[in-house]
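Peer 1: Can you look at this prediction? I've put the sequence above it.
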Amino acid sequence: MQCTPGDLKDHLIACAQGDRVAFAALYQATSLKLFGIVLRILKDQALSEDVLQEVYVTIWRQAARYDPDRASPITWMGTIARNRAIDVLRRQKGQGMTVEIEIDTIVDPSRSASDELERSQAYQALSVCLEALDPNRAKMVRLAYLEGASRQDLADLFGQPVNTIKTWLHRSLKQLKECLGS
């Protein structure tokens, strides 16, 4: 479900007032992105699912504290997810219980071997096309679409206005699409 930042802001405001329908819409619109943030940090699918649940409990309880003048909704929620995942990771390391699982080893039981081969070939083609991009543009695409960085995060990192970042991402995606022959 595609939501604009304005929609997300409205959902957060409604959540602060106890609106469960708005919370469900917020979850539907953001859970994949927040799960990606948590999984990237923890590298454990089951643990990440548990942490994601805690993240949404926190979002529900803290929705009234969201300040749209300080951050976009997804940045605010992403920060909660990131901080919670880091807390869990630190606690694990403190207990000497680090779990190393590469994201590539997580298997979707609904996929067949031919699906995995096709996915692997598509990944290789994408890697080749990313290499053809300007190195900064490739880094920007990876940060935005693989690591969940917001346009504002990228603007800060690359020292450019948000609209410039949007333009660069749009052009880079167009170039990737052409390279992939889609």
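Peer 2: That came through fine. A quick note: this is a predicted structure, and the numbers were derived from the prediction, not measured.

Peer 1: Out of the helices and strands in this protein, which is least certain?
Peer 2: Within the chain, no helix or strand scores below helix 113-132, which has a mean of 70 by mean pLDDT, DSSP states H and E.

Peer 1: Could I get the buried residue list for stretch 129-144?
Peer 2: Under the neighbour-count criterion of 16 or more other CB atoms under 10 Å, stretch 129-144 has 129-130, 133, 137-138, 140-141, 143-144 buried. Every C-beta, even on glycine, is put in place using the N, C-alpha and C of the backbone.

Peer 1: Just flag the most distant two among those residues.
Peer 2: Greatest spatial distance among the buried residues of stretch 129-144 (CB to CB): 129 and 143, at 16.6 Å.

Peer 1: returning to that earlier point: closest one of the buried residues of stretch 129-144 to residue 33?
Peer 2: Among those, and counting by CB to CB, the member closest to residue 33 is residue 144, at 10.9 Å.

Peer 1: So the closest one, which state does it fall into?
Peer 2: Recorded secondary structure, residue 144: helix (DSSP: H, G, I helix; E, B strand; the rest coil).

Peer 1: try residue 160
Peer 2: Using three-state DSSP, the three-state assignment for residue 160 comes out as coil.

Peer 1: Need the residues that contact whichever helix or strand residue 37 is part of.
Peer 2: The secondary structure element spanning residue 37 is helix 20-42 (assigned by DSSP states H and E). With contact meaning CB atoms under 8 Å, 6 or more residues apart in numbering, helix 20-42 is reached by 1-3, 7-8, 10-12, 14-15, 45, 48-49, 51-52, 55-56, 59-60, 73-74, 77-78, 81-82, 84-86, 88-89, 103, 147-148.

Peer 1: Report the buried residues of that helix.
Peer 2: Of the residues in helix 20-42, 22-23, 25-27, 29-31, 34-39, 41-42 count as buried by neighbour count, 16+ other CB under 10 Å.

Peer 1: Would you mind listing the outside residues contacting whatever helix or strand comes next after that helix?
Peer 2: Scanning the chain past helix 20-42 towards its C-terminal end, the next helix or strand to appear is helix 45-62 (assignment: DSSP H and E). With contacts defined as CB under 8 Å, 6+ apart, helix 45-62 is touched by 12, 15, 23, 26-27, 31, 34-35, 38-39, 42, 77, 80-81, 84-85, 88, 99, 101, 106.
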